[in-house]
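Participant: here you go, sequence then predicted model.
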Amino acid sequence: MDGLEIVYRLKRLGTCQADIARALGVSASVVGNVIHGRITSFEVASHIAALLGSSVAELWPQRYTFKPRGRSPRRRGDVPTPTDETDMS
């Protein structure tokens, strides 16, 4: 769904970007930028999705899709952790 459709649906519900911004403690420009896909903020996006009775992935499928990551090399134990080799005596 594009940003204009999201804004239209929000207006039909009687809410605006400024209302969402006040509720979340962010600026209205942040809300607008999330709606139009310029920046990502899962908190703002999920709030908007909840208001519209939709999921974040439905509104912004290219932005908020789950991409599983493997464990980092450090957590797998593949990369040795740096040790302090200086003598403090």
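Facilitator: Structure received. Numbers count the residues shown, from 1 in each chain.
Participant: going by C-alpha atoms from here, please, whenever you check contacts or count neighbours.
Facilitator: Will do.
Participant: Leu24 and Ser41: what is the separation?
Facilitator: Using Cα to Cα, to the nearest Å, Leu24 is found at 11 Å from Ser41.
Participant: now do Ala49
Facilitator: Relative to Ser41, and taking Cα to Cα, Ala49 is found at 12 Å.
Participant: among those two, which residue is more densely surrounded?
Facilitator: The neighbour comparison of Ala49 against Ser41 (other Cα atoms under 10 Å) goes to Ala49, with 18 against 15.
Participant: surely that one meets Val56?
Facilitator: Yes - taking Cα atoms under 8 Å as the definition, Ala49 is a contact partner of Val56 at 5.5 Å.
Participant: thought Ser46 was touching Val34, still the case?
Facilitator: No - assessed by Cα under 8 Å, Val34 is found out of contact with Ser46, at 10.5 Å.
Participant: neighbour count: these two, which is higher?
Facilitator: Remark: of Val34 and Ser46, Val34 carries more neighbours, 20 against 17, as counted by other Cα under 10 Å.
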